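Trainee: Everything below, folded, please.
(chains A and B)
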Amino acid sequence: MATTQKSSGKTNRRIQTVAIANRGEVAVRVIHACRELGIRTVLLHSEADIGTRAYRMADTRVCIGPAPTAESYLHIERNIKGALAAGADAIHPGFGFLSENADFAKAVIDAGMIFVGPKPESILAVGDKIAAKKTVSAARAPSVPGYMGEDQRIETLVEEAARIGFPVIVKAAAGGGGRGMKVIRSRSEAPELIASAQREGLAAFGSAVVFLEKYLDRAKHIEFQIFGDSFGEVSYLFERECSVQRRHQKIIEEALSPSLTPELRRAMGETAVRLAQSANYEGAGTVEFLLQDGEFYFLEMNTRLQVEHPVTEMVLGVDLVKAQILNAAREFQVWPQESLKAHGHSIECRVYAENPYAGGIPSTGKLLGMEWPEGPGRRFETGFEAGDEITPFYDPMIAKVIVWDETRLRAIKKMKQTLRDSLVLGVHTNIPFVISMLSHPEFVDGSMTTQFVGRHYTQENGIGLEARERTDLELAFEKAAGKVSLTGGVAAAGSTLGSAHTTPLQIVNSPWLGERWRNV
Amino acid sequence: MKKVVIEHGGQRLVGAVAKVGSTTWFSFGGEVWTREEQGRTSRGKKGGGALDPSKVQAPMPGKIVKVMVTPGQAVAAGDVVIVMEAMKMEYTLKSAADGKVKSIGCQPGDQVSLGSALVELIVEPGVEHGVKK
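Mentor: Residues are numbered from 1 along each chain as shown, chains lettered A, B, ... in the order given. Alright, predicted model coming up:
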């Protein structure tokens, strides 16, 4: 990392205490970075998150409200008050929640603190989806045909959707990563889906404004990590491919993409940099594109750290979170473009607490046990430990598993073995679903598009795997496990589980097929 | 959590087991599953389509976002009757059969537990065709 000695005319701003306006694994990630930099941390948390890892790790904790996000994690004033009360001089917003909220960034600055992220004006110029479309045309980036008018009446939006031609996607203008986002396939389902997107936008971001665009049906999701420093320099840290998504919620991400030629990579990277520069962008950001038939289209820019930032860190050998904090302190110069060389391949899988054999139905409860198989090139990011409660209030991601290896195929094999060796008890996880996708020929050859999950993994009750009986090996394990005493010591033969039956994997009659949205 | 090792094909395979109440949890090879002691009920009953189509129940704990029907209203199989939210996802709960709304057991904003009866229907006999086997 290039720590600057250069005099910029901007004075360094000492950061001694960072407040974290977030929860879960990203809060843990920020705490790790701060500790390495010798910075104290304050966790601004809800009542529901007292029994979590970040709560136990932070130097100081301030409860800012009850479980519902509108009364805690999305409440600007309570976050500011909590940070000030704990003596913080900066706030890191993580991702999701208030991370892309320009009002929040401004409130942090107005309160005399440093916002670890871009300037409020930059967030508005590229973060707000409607303003971004204007910024993007100024940056000469191609975009998908759509509607982003101010007339937000349902009738108007339905008419515009019909003009664009179905399938059309409706998105919350202030949203990100899937919330308030729906695919409309016909005119008849348009009114309800648009209304639902407006509701979700209002609930998640406080704004019901939506926009429409043509839905590309065999596109790849390719996003470029960019980083700007306080000297006005912006570099691109190459791309991540995140085509494996379920209803716009990413599940598997990798760096680099198996689909880009060096020429295309450069063209997309330079477009991303132009976009960031046109917004006078500072800090970490991500420019998302759809790539179809060799043409790329600007999708959106996320003015924050991404969930999947670790894969970029793994192939480039950088620390994006520390870079964010150092940049906020004006002690950072961005990596020169020509110095950035990707090495090897990295994959991230998001582990969700859900039952993959029941259409992905959320699974909540106490984590009875969790153990990740450490090893070379393996990285685990989680906000929970055994004994913690997985609640229904927040998103279902309980961990991210990240691997690095020399080639893509080796990384895939490493990921599969790592997931097979992972132990989780007390909630169901999507790990079997992820392993299945990692083994799919379309994933292995790198040809998958954003349609991959829907096309291959749609079941009658949702998205996931077909219910099946336990294998002989699994039954053998169950039998062996039945001989283990669960209260300590070794059980005598003829265990307490002798008269048990196996729970069927399938939950039938789940009547909730249909469009859903997911988180960041 | 207790670790359990079994030998298979010359390899040592490690899994884990834990028990809470009448439920035993197993974790092995990336799979997680449960087993209930006999005589107790478990969620996710065996068999296809055996659940009562006259009841729309919460498939998970969560919050009611919208109630799409009113008592007395006629519904067709597949009609959305409830929109609920859990873990930041919105779910549409659909009627499994043709019928008429008998009663509604929730309102928007309610936090409901797994299995809560949300809507009760009077199902027209012989026209149940919502859930494919």
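Trainee: Output stretch A:167-184 in PDB, but only the C-alpha positions, please.
Mentor: Provided in PDB are the C-alpha atoms of stretch A:167-184 (Å, rounded to 0.1, in the frame of the first residue of the first chain):
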ATOM      1  CA  PRO A 167     -38.700  -8.300 -19.900                       C
ATOM      2  CA  VAL A 168     -38.100  -5.000 -18.000                       C
ATOM      3  CA  ILE A 169     -36.400  -4.600 -14.600                       C
ATOM      4  CA  VAL A 170     -37.800  -2.200 -12.000                       C
ATOM      5  CA  LYS A 171     -35.300  -0.800  -9.400                       C
ATOM      6  CA  ALA A 172     -35.400   1.500  -6.400                       C
ATOM      7  CA  ALA A 173     -33.500   4.600  -7.400                       C
ATOM      8  CA  ALA A 174     -31.800   4.900  -4.000                       C
ATOM      9  CA  GLY A 175     -31.300   1.200  -3.600                       C
ATOM     10  CA  GLY A 176     -28.400  -1.200  -4.100                       C
ATOM     11  CA  GLY A 177     -27.700  -4.800  -4.700                       C
ATOM     12  CA  GLY A 178     -31.200  -6.300  -5.200                       C
ATOM     13  CA  ARG A 179     -33.500  -4.600  -2.700                       C
ATOM     14  CA  GLY A 180     -36.500  -3.000  -4.400                       C
ATOM     15  CA  MET A 181     -35.600  -4.800  -7.600                       C
ATOM     16  CA  LYS A 182     -37.900  -7.000  -9.700                       C
ATOM     17  CA  VAL A 183     -38.100  -8.400 -13.200                       C
ATOM     18  CA  ILE A 184     -41.400  -7.800 -15.000                       C
END
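Trainee: Contact partners for the residue nearest to A:Leu290 when sequence neighbours are not counted?
Mentor: Once flanking residues are discounted, A:Leu290 sits nearest to A:Ala219: 3.9 Å by Cβ to Cβ, 6 or more residues apart in numbering or on different chains. Yep, even glycine has a C-beta here, placed from its N, CA and C like the rest. A:Ala219 sits next to A:Leu290, A:Leu291, A:Gln292, A:Tyr297, A:Thr449, A:Thr450 when contact means Cβ atoms under 8 Å, 6 or more residues apart in numbering or on different chains.
Trainee: Mind checking which of those are buried?
Mentor: Using 16 or more other Cβ atoms under 10 Å in any protein chain shown as the burial test, these include A:Leu290, A:Leu291, A:Gln292, A:Tyr297, A:Thr449, A:Thr450 as buried.
Trainee: Isn't the last one up against A:Tyr215?
Mentor: Put plainly, it is A:Thr450. No: counting by Cβ atoms under 8 Å, A:Thr450 stays clear of A:Tyr215, with 9.5 Å between them.
Trainee: List the beta-bridge partners for A:Val18.
Mentor: Using DSSP bridges, the beta-bridge partners of A:Val18 come out as A:Thr41, A:Ala90.
Trainee: so it makes contact with A:Ile91?
Mentor: Yes: the criterion here is Cβ under 8 Å, and A:Val18 meets it with A:Ile91 at 7.1 Å.
Trainee: Can you give me the distance of A:Met301 to chain B?
Mentor: 22 Å (Cβ to the nearest Cβ, to the nearest Å).
Trainee: List the buried residues in the helix or strand hosting that residue.
Mentor: A:Met301 belongs to strand A:295-302 when assigned by DSSP states H and E. Buried residues in strand A:295-302, counted by 16+ other Cβ under 10 Å: A:Phe296, A:Tyr297, A:Phe298, A:Leu299, A:Glu300, A:Met301, A:Asn302.
Trainee: Tell me what the fifth one is bridged to.
Mentor: Here A:Glu300 sits in beta bridges with A:Glu288, going by DSSP bridges.
Trainee: Any idea which helix or strand in chain A has the lowest mean pLDDT?
Mentor: strand A:500-502 (a mean of 37; mean pLDDT, DSSP states H and E).
Trainee: Which secondary structure elements does the helix or strand bottoming out on mean pLDDT in chain B sit against?
Mentor: Every helix and strand in chain B was compared by mean pLDDT, DSSP H and E; the lowest is strand B:89-94, with a mean of 83. With contacts defined as 3 or more Cβ pairs under 8 Å, 6 or more residues apart in numbering or on different chains; DSSP states H and E, the packing partners of strand B:89-94 are strand B:80-86.
Trainee: quick one: the strand it packs on near chain A?
Mentor: Yes: contact of strand B:80-86 with chain A (Cβ under 8 Å from any Cβ of the partner chain) involves B:Val80, B:Val83, B:Ala86.
Trainee: packing partners for that strand?
Mentor: strand B:62-67, strand B:89-94, strand B:117-123.
Trainee: Mind checking these for the one nearest to A:Ile31?
Mentor: A:Ile31 sits nearest to strand B:89-94 of all these, at 27.2 Å, using Cβ to Cβ.
Trainee: now the closest one: how far from the chain's centre is it?
Mentor: 12 Å (Cα atoms, centre = their mean, to the nearest Å).
Trainee: and the stretch 51-200 of chain A, which of its residues are near chain B?
Mentor: A:Arg179, A:Glu192, A:Ser196, A:Arg199, A:Glu200.
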